[in-house]
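Peer 1: build me a model from this:
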Amino acid sequence: MEYINTTIGKYKLIRLIGEGGMAKVYEGEHELLGTKVAVKILNPLLSANTQIRERFINEAKMMASLNHPNITRVVDFDDQPNRLSILMEYLEGKDLSDTIKSKGPMKEKELESIFQQTLVAFDYAHSKGIVHRDIKPSNIFLLPNGEVKILDFGIAKLFGQGLEMTQTGTQVGTPIYMSPEQVKTDKSIDHRSDIYSLGVTLYFALIGKTPYDVTVLSQFDVFNKIVYEPLPDLSDKGKLGKLIDKACQKDREQRFQSCMEWLDELKSESSKHILNKEKILPYTRQNSQIENAAKPILGGLMFPEKSDNPIHIEWVEIPESTFMMGSPTSEVDRYDNEVQHQVTLSAFKMSKNEVTFEQYDAFCEATGRKKPKDEGWGRGSRPVINVSWDDANEFASWINCRLPTEAEWECACRAGSSTPFNTGYNLSTLQSNYDGNYSYENNAKGQYLEKTLPIGSYPSNAWGLNDMHGNVWEWCSDLYGEYNSGTQINPKGSTSGSRRVIRGGSWYGYARYCRSANRNFSEPKNNLSILGFRLVFT
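Peer 2: This is a model prediction of the structure:
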């Protein structure tokens, strides 16, 4: 049955955008506002089936209970005689399956960004007791801005609570992506089944094909391989091959035990790869170029003045860029001082992380300065706090670096994005450290930690930088003032005034202050528990 031109709630269905055996998905448009939704309508022939009907309603409830920027949001549910509909946010882009089929296998760096977001999303679902059970490339949707959205919780299960829509002894999921325990219809399936399926999904994205050829093998043969045979050898695929191998162990006790464990190892392997592959040169005034500068992440030993102890800084190469600085007038919670204008920047290197207590303490010991307070939260890899602009500037000079300009900071934070955050249109407390009682727009509240966290506690942005949103406000070199009008090339900020620009928001602030375009300022002598900094090296 076709539903084009049918009205569901206040939305008119204007075109079919996808279909499967159980349901069709239409693009719907609000009759007054013109806003769009995706409307998933259960096949009317299946509506009379009590089990299928319950499963469809269960999907709506599951998705409605999940409020996460990387999981498709449910807008409404419509229950009419012989017609059940789930209204969801409308997405533009392609799923991972279509992307691989049209463009071929993806590069490692692309996959790392996609799977960092994917792992964070599934860790959130698992923390709610929900196992997806049908993870596959077509259920991972890629938006044009690089954001990931998880689709289709139609056969999800609440583990440990006995809520199961499938009869005992029946298999659920897409055969090639099933875990061994799904194939064996194990009644104790838990979140580690999803981890296996994510491993096979990553295999497909990395290799460009599934591990077993379903055009040649019968379903029985595929299931036999899933239960008894390891995946094809991936030893030549480096770090991602190792991660896939661990995720797809037959014994779930040998897999990653959580998505966060996998994410930690993914980031750890990335760091090892960088340090092993890069030739690191000591910094000197005569040799200010680092070899292999075209590579995205660089490690360097910085030799401070009057000190024999080097400081290790990880650098991210920011390419020559032209971008729109500021925010569009339509952006929620923007301020008038964020006038949008075009900026072109020369290439530069920015520190991957905020300067830590460990690094700053070494500066204090070498120069005889008093160490700043840590508020009892700990030192080490936490970002240094209670430092003034003068303190930050002197540290930067000590290791022959400088503070970023405001334009450099925003360009690096955006990492090619044009949305309010580099994570998209929302920023959750699973992505950044801020006061979760004050979420962005009408999104769900999150946690409020009331302190800083160690650097790299959240996924990096698309260019590999950590904590550009939240944790601590970051000092910039610029004096605060109104933007100059028109196109700018390597702008340096205002030429008058006394206050210095700070960017990025902090553990203490609202989500709105973490936006990429948000501007703030502070007196340069201020040293507060919300203030820190990062470096630029040119």
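Peer 1: CA only for contacts and neighbour counts going forward, please
Peer 2: OK.
Peer 1: so what's residue 235 up against?
Peer 2: Taking C-alpha atoms under 8 Å, 6 or more residues apart in numbering as the criterion, residue 235 is in contact with 241, 242.
Peer 1: could you list the low-pLDDT ranges of the stretch 301-450 of the chain?
Peer 2: 301-309 (pLDDT under 70).
Peer 1: which SS state does the spatially most central residue of the chain fall under?
Peer 2: The residue lying closest to the centre of the chain (C-alpha atoms, centre = their mean) is residue 117, at 4.0 Å. Classification of residue 117 using DSSP: H, G, I helix; E, B strand; the rest coil returns helix.
Peer 1: for the residue lying closest to it once chain neighbours are set aside, what are its contacts?
Peer 2: In space, and not counting its chain neighbours, residue 117 is closest to residue 148: 6.3 Å by C-alpha to C-alpha, 6 or more residues apart in numbering. By C-alpha under 8 Å, 6+ apart, the contact set of residue 148 is 70, 114, 117, 118, 140, 141, 142.
Peer 1: checking residue 53 next. Helix, strand or coil?
Peer 2: Three-state call for residue 53 (three-state DSSP): helix.
Peer 1: roughly how far apart are it and residue 67?
Peer 2: 23 Å (C-alpha to C-alpha, to the nearest Å).
Peer 1: settle it for me: which of the two has more neighbours?
Peer 2: Between residue 53 and residue 67, counted using other C-alpha atoms under 10 Å, the more crowded position is residue 67 (19 against 15).
Peer 1: thought residue 349 was touching residue 320?
Peer 2: No. Using C-alpha atoms under 8 Å, residue 349 makes no contact with residue 320, being 10.6 Å away.
Peer 1: looking at the two, which one has more neighbours?
Peer 2: Per other C-alpha under 10 Å, whichever of residue 349 and residue 320 has more neighbours is residue 349, with 22 against 10.
Peer 1: what about burial for the contacts of residue 148, which qualify?
Peer 2: Neighbour counting over those (16 or more other C-alpha atoms under 10 Å) leaves 70, 114, 117, 118, 140, 141, 142 as the buried ones.
Peer 1: quick one: which of those residues is nearest to residue 201?
Peer 2: Nearest to residue 201 among the buried ones among the contacts of residue 148, counting by C-alpha to C-alpha, is residue 140 at 9.4 Å.
Peer 1: the residue nearest to the centre of the chain touches residue 68, doesn't it?
Peer 2: No. The criterion here is C-alpha under 8 Å, and residue 117 misses it with residue 68 at 10.8 Å.
Peer 1: distance of the residue nearest to the centre of the chain from residue 242?
Peer 2: For residue 117, the distance to residue 242 (C-alpha to C-alpha) stands at 19 Å.
Peer 1: who are the contact partners of the residue nearest to the centre of the chain?
Peer 2: By C-alpha under 8 Å, 6+ apart, the contact set of residue 117 is 70, 147, 148, 459.
Peer 1: re earlier: format the buried ones among the contacts of residue 148 as CSV; extra columns: distance to residue 421.
Peer 2: Below are these laid out as CSV (distance: C-alpha to C-alpha, whole Å):
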residue, distance to residue 421
70, 13
114, 16
117, 14
118, 17
140, 21
141, 19
142, 17
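Peer 1: in strands only, show me the residues you listed.
Peer 2: 140, 141, 142 (DSSP state E).
Peer 1: ok, the second one touching residue 99?
Peer 2: No. In this structure, residue 141 sits apart from residue 99 without contact. The criterion is C-alpha under 8 Å, and the distance is 9.4 Å.
Peer 1: what pLDDT, on average, does stretch 35-48 get?
Peer 2: Average pLDDT, stretch 35-48: 87.
Peer 1: identify each buried residue in it, please.
Peer 2: Under the neighbour-count criterion of 16+ other C-alpha under 10 Å, stretch 35-48 has 36, 37, 38, 39, 40, 41, 42, 43, 46, 47 buried.
Peer 1: quick check: the two most widely separated of those?
Peer 2: Farthest apart among the buried residues of stretch 35-48 by C-alpha to C-alpha are 36 and 46. That separation is 26.4 Å.
Peer 1: contacting residues for the nearest residue to residue 151 once chain neighbours are set aside?
Peer 2: Of all residues not flanking residue 151 in the chain, residue 139 sits nearest, at 4.8 Å (C-alpha to C-alpha, 6+ apart). The neighbourhood of residue 139, defined by C-alpha under 8 Å, 6+ apart, consists of 95, 96, 150, 151, 152.
Peer 1: just checking, which of those residues belong to strands?
Peer 2: Using DSSP E, the subset of those located in strands is 95, 150.
Peer 1: filter the contacts of residue 139 to the buried ones?
Peer 2: 95, 96, 150, 151, 152.
Peer 1: which among those gets closest to residue 517?
Peer 2: Nearest to residue 517 among the buried ones among the contacts of residue 139 is residue 150, at 27.2 Å by C-alpha to C-alpha.
Peer 1: what's the closest non-adjacent residue to residue 525?
Peer 2: residue 388 (5.2 Å).
Peer 1: give me the neighbour count for that neighbour.
Peer 2: 20.
Peer 1: likewise for residue 130?
Peer 2: Quick note: residue 130 (other C-alpha under 10 Å) scores 22 neighbours.
Peer 1: dig out what it forms beta bridges with.
Peer 2: Assessed by DSSP bridges, residue 130 has beta-bridge partners residue 158.
Peer 1: what pLDDT does it get?
Peer 2: As predicted, residue 130 sits at a pLDDT of 87.
Peer 1: for the one 4 residues further on, same thing?
Peer 2: Per-residue confidence for residue 134 comes out at a pLDDT of 88.
Peer 1: that one is in contact with residue 175, isn't it?
Peer 2: No. Using C-alpha under 8 Å, residue 134 is not in contact with residue 175, being 9.2 Å away.
Peer 1: neighbour-wise, which of the two wins?
Peer 2: When residue 134 and residue 175 are compared for neighbours, residue 134 comes out ahead with 25 against 17, by other C-alpha under 10 Å.
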